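Undergrad: Structure of the sequence below:
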Amino acid sequence: MERILDAATRVLSERGYDGASTNRIAAAAGISNGSLYQYFPNKDAIVVAVLDRFADRLAERLGEEIEAAVSEPWQAGGRALLEAQLRLLEEDADLLRIVVEQVPRLGPFDKLAALQQRLADMVRIYLLLNRDRFRPGLDVNTALWILTETVGQLSIRYVLDRPPIPHDRMVDELTELIIRYIGR
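TA: Reported below is the predicted structural model:
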């Protein structure tokens, strides 16, 4: 099954959702269509499995980055997390494009929603535990929503649109945005 998912990832990355087919995926995996259908009933099932694997890998790697960053001062830790998030999204930009552009057609994508919730929960805990480091009167729930939506959307658009902004500059600007928003 891993061979099929690896092949599907390559085909999706090269051809996108619309250009991928079970025939192309089977050929890339070096198996017959009949063998492919023993594991997956259709293309959408394969795509969902690829995206599940993508979300699991992203969650694992971001979790490692979060654990490393929480011991740093919040500005440095926040910058490290932003850098890691952009880097990880850039590594799988083709799959990210499919998540953003194709998943709505496939229906709800539970693992991505769970990843987003996990990240939001971690940020919420960090904000609550370090409330004294931030500006007085900061409403944690409001700040959490603004931060996660702003950083998430800007990161995704940066990776997919490839504006003429160097990676480090983007990280610096996002960091400054957050520091000025929640900082004292």
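Undergrad: Where is the longest helix in this protein?
TA: Counting residues, the longest helix in the chain under DSSP state H turns out to be helix 43-69.
Undergrad: Just the element for residue 9, please.
TA: Residue 9 belongs to helix 2-19 when assigned by DSSP states H and E.
Undergrad: buried set for the one helix or strand residue 120 maps to?
TA: Using DSSP H and E, residue 120 falls within helix 110-129. Residues 111, 112, 115, 119, 120, 122, 123, 124, 126, 127 are the ones in helix 110-129 that count as buried (16 or more other C-beta atoms under 10 Å). To be clear about C-beta, it is placed using only N, CA and C from the backbone, and glycine gets the same treatment.
Undergrad: about what we covered before: between the helix holding residue 9 and helix 43-69, how big is the angle?
TA: 110 degrees (axes from the mean of the first three to the mean of the last three C-alpha atoms, to 10 degrees).
Undergrad: sorry, back to before: what does the helix holding residue 120 contact?
TA: Surrounding helix 110-129, the residues in contact under the criterion C-beta atoms under 8 Å, 6 or more residues apart in numbering are 51-52, 55-56, 58-59, 62-63, 66, 70, 74, 99, 103, 134, 138, 140-141, 143-144, 147-148, 152, 182.
Undergrad: Would you write a PyMOL line that selects the buried entries of those residues?
TA: Selection of buried members from the contacts of helix 110-129 for PyMOL, criterion 16+ other C-beta under 10 Å:
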select buried, resi 51+55+58+59+62+66+74+99+103+134+138+140+143+144+147+148+182
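Undergrad: which residue sits farthest out from the middle of this structure?
TA: What lies farthest from the middle of the chain is residue 34; by C-alpha atoms, centre = their mean that is 32.8 Å.
Undergrad: any idea how far that residue lies from residue 134?
TA: According to C-beta to C-beta, to the nearest Å, residue 34 stands 59 Å off from residue 134.
Undergrad: cool, and residue 75?
TA: From residue 75 to residue 134 the distance is 11 Å (C-beta to C-beta).
Undergrad: Please apply the same query to residue 5.
TA: 42 Å.
Undergrad: could you list every residue that touches residue 148?
TA: By C-beta under 8 Å, 6+ apart, the contact list for residue 148 reads 116, 119, 120, 123.
Undergrad: how close does the third one get to residue 126?
TA: What it means is residue 120. Separation of residue 120 from residue 126 (C-beta to C-beta): 11 Å.
Undergrad: for the first one, same thing?
TA: According to C-beta to C-beta, residue 116 stands 16 Å off from residue 126.
Undergrad: for residue 162, same thing?
TA: Distance from residue 162 to residue 126, counting by C-beta to C-beta: 30 Å.
Undergrad: cool, residue 157 as well?
TA: Residue 157 sits 24 Å away from residue 126, going by C-beta to C-beta.
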